[in-house]
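**Student:** only geometry, no sequence info:
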Ligand code: GLY
(Lines give C-alpha, C1' and ligand atoms only; values in the text may rest on other atoms or scores of the structure.)
Protein backbone atom coordinates (compact mmCIF):
# COMPACT_ATOMS: atom_id res chain seq x y z
CA UNK A 1 0.00 0.00 0.00
CA UNK A 2 1.16 3.54 -0.73
CA UNK A 3 -0.40 6.71 0.72
CA UNK A 4 0.11 10.38 1.40
CA UNK A 5 2.03 10.84 4.67
CA UNK A 6 -1.14 11.41 6.72
CA UNK A 7 -2.45 8.09 5.40
CA UNK A 8 0.14 6.16 7.42
CA UNK A 9 -2.29 5.81 10.35
CA UNK A 10 -4.65 3.85 8.10
CA UNK A 11 -2.20 1.53 6.37
CA UNK A 12 -2.01 -1.19 9.09
CA UNK A 13 -5.80 -1.55 8.87
CA UNK A 14 -5.71 -1.70 5.07
CA UNK A 15 -2.84 -4.18 5.21
CA UNK A 16 -4.85 -6.47 7.51
CA UNK A 17 -7.50 -6.61 4.77
CA UNK A 18 -4.89 -7.53 2.16
CA UNK A 19 -3.20 -10.13 4.38
CA UNK A 20 -6.54 -11.87 4.80
CA UNK A 21 -6.79 -12.05 1.00
CA UNK A 22 -9.15 -9.07 0.71
CA UNK A 23 -9.35 -6.87 -2.37
CA UNK A 24 -7.34 -3.73 -3.03
CA UNK A 25 -10.64 -1.83 -3.07
CA UNK A 26 -11.60 -3.06 0.41
CA UNK A 27 -8.11 -2.18 1.64
CA UNK A 28 -8.11 1.42 0.39
CA UNK A 29 -11.57 2.02 1.86
CA UNK A 30 -10.61 0.54 5.24
CA UNK A 31 -7.43 2.64 5.40
CA UNK A 32 -9.20 5.84 4.33
CA UNK A 33 -11.90 5.48 6.99
CA UNK A 34 -9.26 5.46 9.72
CA UNK A 35 -8.04 8.84 8.46
CA UNK A 36 -11.60 10.18 8.12
CA UNK A 37 -11.99 9.43 11.83
CA UNK A 38 -8.65 10.97 12.84
CA UNK A 39 -9.66 14.14 14.72
CA UNK A 40 -6.13 15.50 14.76
CA UNK A 41 -6.05 15.52 10.94
CA UNK A 42 -7.64 18.82 9.96
CA UNK A 43 -7.71 18.01 6.26
CA UNK A 44 -9.98 14.97 6.12
CA UNK A 45 -13.39 13.88 7.47
CA UNK A 46 -14.45 14.75 11.00
CA UNK A 47 -12.17 17.51 12.26
CA UNK A 48 -11.55 18.79 8.73
CA UNK A 49 -11.32 22.55 8.27
CA UNK A 50 -14.53 24.22 7.07
CA UNK A 51 -15.31 26.54 4.20
CA UNK A 52 -15.11 30.28 4.78
CA UNK A 53 -18.63 30.27 6.29
CA UNK A 54 -17.73 27.54 8.79
CA UNK A 55 -19.33 24.52 7.13
CA UNK A 56 -17.27 21.36 6.53
CA UNK A 57 -17.77 20.18 2.94
CA UNK A 58 -16.17 16.86 2.08
CA UNK A 59 -14.94 15.44 -1.24
CA UNK A 60 -14.03 11.76 -1.77
CA UNK A 61 -13.64 9.25 -4.56
CA UNK A 62 -12.39 5.78 -5.31
CA UNK A 63 -11.65 3.65 -8.33
CA UNK A 64 -11.45 -0.10 -8.81
CA UNK A 65 -8.58 -0.92 -11.17
CA UNK A 66 -10.07 -4.31 -12.03
CA UNK A 67 -13.33 -3.01 -13.51
CA UNK A 68 -12.39 0.68 -13.80
CA UNK A 69 -15.67 1.52 -12.09
CA UNK A 70 -15.50 4.63 -9.93
CA UNK A 71 -17.61 6.54 -7.42
CA UNK A 72 -17.32 10.01 -5.95
CA UNK A 73 -19.01 12.63 -3.81
CA UNK A 74 -18.30 16.33 -3.53
CA UNK A 75 -19.39 19.13 -1.19
CA UNK A 76 -21.00 16.48 1.03
CA UNK A 77 -21.92 17.68 4.50
CA UNK A 78 -22.85 15.80 7.64
CA UNK A 79 -21.64 12.25 6.98
CA UNK A 80 -18.92 10.41 8.87
CA UNK A 81 -17.44 8.35 6.01
CA UNK A 82 -17.58 10.12 2.63
CA UNK A 83 -15.47 7.30 1.14
CA UNK A 84 -18.27 4.84 1.96
CA UNK A 85 -20.77 7.13 0.25
CA UNK A 86 -18.47 7.29 -2.81
CA UNK A 87 -18.34 3.49 -2.88
CA UNK A 88 -22.13 3.28 -2.65
CA UNK A 89 -22.44 5.73 -5.57
CA UNK A 90 -20.29 3.29 -7.57
CA UNK A 91 -22.28 0.25 -6.47
CA UNK A 92 -25.88 1.47 -6.38
CA UNK A 93 -26.26 4.28 -8.90
CA UNK A 94 -25.76 4.53 -12.64
CA UNK A 95 -23.65 7.64 -11.86
CA UNK A 96 -20.04 8.36 -10.88
CA UNK A 97 -20.15 11.72 -9.06
CA UNK A 98 -22.82 13.07 -6.70
CA UNK A 99 -22.73 16.63 -5.34
CA UNK A 100 -23.97 18.52 -2.30
CA UNK A 101 -27.63 18.03 -1.32
CA UNK A 102 -28.07 15.19 -3.79
CA UNK A 103 -25.07 13.34 -2.36
CA UNK A 104 -26.42 13.86 1.19
CA UNK A 105 -29.87 12.66 0.16
CA UNK A 106 -28.33 9.53 -1.34
CA UNK A 107 -26.21 8.94 1.80
CA UNK A 108 -29.37 9.20 3.92
CA UNK A 109 -31.21 6.81 1.59
CA UNK A 110 -28.37 4.30 2.04
CA UNK A 111 -28.47 4.63 5.83
CA UNK A 112 -24.96 6.09 6.09
CA UNK A 113 -23.91 7.36 9.50
CA UNK A 114 -24.45 11.06 10.08
CA UNK A 115 -21.91 13.12 12.00
CA UNK A 116 -21.26 16.69 13.14
CA UNK A 117 -18.04 17.27 11.21
CA UNK A 118 -16.95 20.62 12.67
CA UNK A 119 -15.02 19.83 15.86
CA UNK A 120 -14.29 22.47 18.52
CA UNK A 121 -10.61 22.47 17.49
CA UNK A 122 -11.41 23.04 13.80
CA UNK A 123 -13.96 25.73 14.71
CA UNK A 124 -11.29 27.52 16.73
CA UNK A 125 -8.81 27.38 13.82
CA UNK A 126 -11.51 28.86 11.55
CA UNK A 127 -12.30 31.64 14.03
CA UNK A 128 -8.61 32.41 14.39
CA UNK A 129 -8.22 32.65 10.62
CA UNK A 130 -11.27 34.93 10.40
CA UNK A 131 -9.80 37.16 13.14
CA UNK A 132 -6.62 37.46 11.05
CA UNK A 133 -8.86 38.75 8.23
CA UNK A 134 -10.62 41.19 10.57
CA UNK A 135 -13.81 39.12 10.44
CA UNK A 136 -16.00 37.16 12.84
CA UNK A 137 -18.40 34.28 12.10
CA UNK A 138 -21.24 36.82 12.25
CA UNK A 139 -19.60 39.41 9.98
CA UNK A 140 -18.55 36.85 7.36
CA UNK A 141 -22.04 35.39 7.22
CA UNK A 142 -23.43 38.85 6.40
CA UNK A 143 -20.94 39.60 3.61
CA UNK A 144 -22.37 39.87 0.10
CA UNK A 145 -19.02 39.07 -1.51
CA UNK A 146 -16.72 36.34 -0.24
CA UNK A 147 -14.29 36.32 -3.16
CA UNK A 148 -11.79 38.78 -1.72
CA UNK A 149 -11.63 36.88 1.58
CA UNK A 150 -11.15 33.56 -0.19
CA UNK A 151 -8.19 34.90 -2.18
CA UNK A 152 -6.50 35.49 1.18
CA UNK A 153 -6.77 31.78 2.08
CA UNK A 154 -4.31 30.63 -0.58
CA UNK A 155 -1.53 30.28 1.96
CA UNK A 156 -3.71 28.45 4.51
CA UNK A 157 -2.81 24.97 5.72
CA UNK A 158 -4.08 22.21 3.45
CA UNK A 159 -4.10 18.46 3.08
CA UNK A 160 -5.91 15.42 1.72
CA UNK A 161 -5.42 11.71 2.14
CA UNK A 162 -4.89 9.29 -0.70
CA UNK A 163 -4.35 5.55 -0.54
CA UNK A 164 -3.30 3.08 -3.26
CA UNK A 165 -3.25 -0.69 -2.87
CA UNK A 166 -2.17 -3.78 -4.79
CA UNK A 167 -3.78 -7.09 -3.81
CA UNK A 168 -2.84 -10.77 -4.20
CA UNK A 169 -4.74 -11.07 -7.47
CA UNK A 170 -2.68 -8.24 -8.93
CA UNK A 171 -5.50 -5.71 -8.89
CA UNK A 172 -4.99 -2.09 -7.86
CA UNK A 173 -7.38 0.42 -6.32
CA UNK A 174 -7.21 4.07 -5.32
CA UNK A 175 -9.08 6.25 -2.83
CA UNK A 176 -8.96 9.93 -1.90
CA UNK A 177 -10.76 11.89 0.84
CA UNK A 178 -10.52 15.51 1.91
CA UNK A 179 -12.20 18.51 3.46
CA UNK A 180 -10.54 20.40 0.61
CA UNK A 181 -9.06 23.87 0.50
CA UNK A 182 -9.31 25.26 4.04
CA UNK A 183 -11.75 28.20 4.25
CA UNK A 184 -12.68 27.77 0.58
CA UNK A 185 -15.56 29.49 -1.15
CA UNK A 186 -18.69 27.42 -0.33
CA UNK A 187 -19.24 24.89 -3.09
CA UNK A 188 -15.60 24.83 -4.20
CA UNK A 189 -14.66 21.34 -5.37
CA UNK A 190 -11.08 20.16 -5.74
CA UNK A 191 -9.45 17.30 -7.58
CA UNK A 192 -10.18 14.63 -4.97
CA UNK A 193 -13.61 13.61 -6.33
CA UNK A 194 -12.60 14.08 -9.97
CA UNK A 195 -11.60 10.74 -11.47
CA UNK A 196 -8.48 11.27 -13.58
CA UNK A 197 -7.44 14.36 -11.59
CA UNK A 198 -7.27 13.27 -7.92
CA UNK A 199 -6.94 9.56 -8.59
CA UNK A 200 -7.02 7.01 -11.33
CA UNK A 201 -6.19 3.33 -11.63
CA UNK A 202 -6.19 0.46 -14.06
CA UNK A 203 -4.99 -2.98 -12.98
CA UNK A 204 -3.14 -3.42 -16.28
CA UNK A 205 -0.89 -0.42 -15.63
CA UNK A 206 -1.11 0.84 -12.03
CA UNK A 207 -2.59 3.53 -9.81
CA UNK A 208 -1.90 7.18 -9.01
CA UNK A 209 -3.36 9.82 -6.69
CA UNK A 210 -2.69 13.47 -5.87
CA UNK A 211 -2.67 15.84 -2.92
CA UNK A 212 -2.02 19.57 -2.86
CA UNK A 213 -3.75 22.28 -4.88
CA UNK A 214 -6.53 20.40 -6.62
CA UNK A 215 -6.91 23.20 -9.14
CA UNK A 216 -3.59 22.11 -10.66
CA UNK A 217 -4.44 18.41 -10.76
CA UNK A 218 -7.80 19.16 -12.41
CA UNK A 219 -6.23 21.35 -15.09
CA UNK A 220 -3.46 18.86 -15.82
CA UNK A 221 -5.47 15.63 -15.37
CA UNK A 222 -2.54 14.56 -13.24
CA UNK A 223 -3.52 11.11 -11.93
CA UNK A 224 -4.66 9.93 -15.34
CA UNK A 225 -1.50 11.35 -16.89
CA UNK A 226 0.62 9.24 -14.54
CA UNK A 227 -1.30 6.05 -15.31
CA UNK A 228 -1.12 6.75 -19.05
CA UNK A 229 2.65 7.13 -18.67
CA UNK A 230 2.79 3.75 -16.88
CA UNK A 231 0.78 2.28 -19.75
CA UNK A 232 3.40 3.64 -22.12
CA UNK A 233 6.18 1.81 -20.25
CA UNK A 234 7.38 4.46 -17.77
CA UNK A 235 8.51 3.39 -14.31
CA UNK A 236 6.51 4.76 -11.36
CA UNK A 237 9.39 7.18 -10.61
CA UNK A 238 9.38 8.53 -14.19
CA UNK A 239 5.58 8.65 -14.35
CA UNK A 240 5.40 10.57 -11.06
CA UNK A 241 8.08 13.07 -12.10
CA UNK A 242 6.63 13.69 -15.55
CA UNK A 243 3.06 14.07 -14.25
CA UNK A 244 4.24 16.70 -11.75
CA UNK A 245 6.39 18.45 -14.36
CA UNK A 246 3.36 18.74 -16.66
CA UNK A 247 1.35 20.34 -13.86
CA UNK A 248 4.31 22.67 -13.18
CA UNK A 249 4.12 23.70 -16.82
CA UNK A 250 0.70 25.28 -16.38
CA UNK A 251 0.52 29.04 -16.12
CA UNK A 252 -0.49 30.55 -12.80
CA UNK A 253 1.61 31.62 -9.87
CA UNK A 254 -1.02 31.34 -7.14
CA UNK A 255 -1.60 27.63 -6.80
CA UNK A 256 1.71 25.88 -6.91
CA UNK A 257 1.88 22.82 -4.71
CA UNK A 258 1.07 19.36 -5.97
CA UNK A 259 2.10 15.89 -4.81
CA UNK A 260 1.59 12.47 -6.34
CA UNK A 261 1.99 8.82 -5.39
CA UNK A 262 2.19 6.08 -8.02
CA UNK A 263 2.01 2.28 -7.67
CA UNK A 264 2.64 -0.25 -10.46
CA UNK A 265 1.19 -3.79 -10.67
CA UNK A 266 4.70 -5.24 -10.09
CA UNK A 267 4.76 -3.57 -6.66
CA UNK A 268 7.18 -0.77 -7.54
CA UNK A 269 6.10 2.69 -6.41
CA UNK A 270 7.20 6.33 -6.20
CA UNK A 271 6.23 9.72 -4.83
CA UNK A 272 6.95 13.16 -6.30
CA UNK A 273 6.16 16.72 -5.29
CA UNK A 274 6.64 20.31 -6.31
CA UNK A 275 7.70 21.18 -2.81
CA UNK A 276 10.42 19.84 -0.52
CA UNK A 277 9.44 18.14 2.74
CA UNK A 278 6.23 16.37 1.68
CA UNK A 279 6.64 12.68 2.54
CA UNK A 280 4.61 9.62 1.59
CA UNK A 281 3.87 6.38 3.38
CA UNK A 282 4.50 2.81 2.27
CA UNK A 283 3.59 -0.51 3.84
CA UNK A 284 4.30 -3.92 2.30
CA UNK A 285 2.95 -7.25 3.51
CA UNK A 286 6.19 -8.01 5.36
CA UNK A 287 6.37 -4.69 7.27
CA UNK A 288 5.10 -4.35 10.81
CA UNK A 289 4.40 -0.65 10.43
CA UNK A 290 4.38 1.91 7.59
CA UNK A 291 7.53 3.71 6.55
CA UNK A 292 7.62 7.38 5.57
CA UNK A 293 9.81 8.26 2.58
CA UNK A 294 10.89 11.48 0.91
CA UNK A 295 9.30 12.31 -2.43
CA UNK A 296 11.33 13.36 -5.47
CA UNK A 297 11.18 17.16 -5.76
CA UNK A 298 10.34 18.19 -9.33
CA UNK A 299 10.99 21.73 -10.50
CA UNK A 300 10.94 20.95 -14.23
CA UNK A 301 8.09 22.36 -16.35
CA UNK A 302 6.80 20.35 -19.30
N1 LIG B 1 -6.21 18.20 -3.30
C2 LIG B 1 -7.30 18.48 -2.51
C3 LIG B 1 -8.00 19.72 -2.88
O4 LIG B 1 -7.46 20.57 -3.59
O5 LIG B 1 -9.11 19.90 -2.45
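**Tutor:** In hand now; what should we look at? Quick caveat, the model's predicted, so the values are computed rather than measured.

**Student:** which element is the residue nearest to residue 135 when sequence neighbours are not counted on?
**Tutor:** Excluding its sequence neighbours, the residue lying closest to residue 135 (C-beta to C-beta, 6 or more residues apart in numbering) is residue 149, at 6.9 Å. All C-beta atoms are positioned from the backbone trio N, CA, C, and that covers glycine. Following DSSP states H and E, the helix or strand that holds residue 149 is helix 147-151.

**Student:** likewise residue 262?
**Tutor:** Short version, using DSSP H and E: residue 262 is in strand 258-263.

**Student:** that older thread, right, is the helix holding residue 149 up against the ligand?
**Tutor:** No - figure legend: helix 147-151 not in contact with the ligand (C-beta under 6 Å from any ligand atom); closest approach 13.4 Å.

**Student:** so which bits of that helix are buried?
**Tutor:** Burial within helix 147-151, assessed by neighbour count using 16 or more other C-beta atoms under 10 Å, is assigned to 149, 150.

**Student:** also stretch 284-298?
**Tutor:** Within stretch 284-298, the residues that count as buried by 16+ other C-beta under 10 Å are 290, 295, 298.

**Student:** ok and the residue in the stretch 201-302 of the chain nearest the ligand?
**Tutor:** Ranking the residues of the stretch 201-302 of the chain by distance to the ligand (C-beta to the nearest ligand atom) places residue 214 first, at 2.5 Å.

**Student:** right, I mislabeled it, should have said the stretch 51-200 of the chain
**Tutor:** Counting by C-beta to the nearest ligand atom, the stretch 51-200 of the chain gets nearest the ligand through residue 190, at 2.3 Å.

**Student:** for that residue, give me the pLDDT.
**Tutor:** Turning to residue 190, the model gives it a pLDDT of 97.

**Student:** use 47 as the first number for this chain going forward.
**Tutor:** Let's use 47 as the start, then, which means that last one is residue 236.

**Student:** which helix or strand contains it?
**Tutor:** Going by DSSP H and E, residue 236 is not in any helix or strand.

**Student:** residue 121 too?
**Tutor:** Using DSSP H and E, residue 121 sits within strand 116-122.

**Student:** avg pLDDT for the helix or strand that comes right after that strand?
**Tutor:** Per DSSP H and E, the first helix or strand lying C-terminal to strand 116-122 is helix 128-138. Across helix 128-138, pLDDT averages out at 98.

**Student:** now do stretch 337-348
**Tutor:** 96.

**Student:** just checking, what packs against the very next helix or strand once past the strand holding residue 308?
**Tutor:** Next in sequence after strand 304-309, counting helices and strands by DSSP H and E, comes strand 315-319. Judged by 3 or more C-beta pairs under 8 Å, 6 or more residues apart in numbering; DSSP states H and E, the packing partners of strand 315-319 are helix 282-294, strand 304-309, strand 325-328, strand 342-343.

**Student:** repeat the analysis, applying 10 Å as the threshold.
**Tutor:** strand 48-50, strand 252-258, helix 282-294, strand 304-309, strand 325-328, strand 337-340, strand 342-343 (3 or more C-beta pairs under 10 Å, 6 or more residues apart in numbering; DSSP states H and E).

**Student:** you'd agree the residue nearest to residue 181 is up against residue 232?
**Tutor:** No - proximity of residue 195 to residue 232 does not meet the contact threshold set by C-beta atoms under 10 Å, at 11.5 Å.

**Student:** joint contacts of the two?
**Tutor:** Residues touching both residue 195 and residue 232 (C-beta atoms under 10 Å, 6 or more residues apart in numbering): residue 98.

**Student:** quick one: residue 195 from residue 179, how far?
**Tutor:** Separation of residue 195 from residue 179 (C-beta to C-beta, to the nearest Å) stands at 6 Å.

**Student:** quick check: neighbours shared by those two?
**Tutor:** 98, 186, 229.

**Student:** which of the residues you listed count as buried?
**Tutor:** Listed as buried from the shared contacts of residue 195 and residue 179 are 98, 186, 229; burial here means 16+ other C-beta under 10 Å.

**Student:** strands - which of the residues you listed land there?
**Tutor:** Judged by DSSP state E, strands contain none of these.

**Student:** quickly list what residue 256 is bridged to.
**Tutor:** Under DSSP bridges, the beta-bridge partners of residue 256 are residue 306.

**Student:** and the residue nearest the centre of this structure?
**Tutor:** residue 222 (3.4 Å; C-alpha atoms, centre = their mean).
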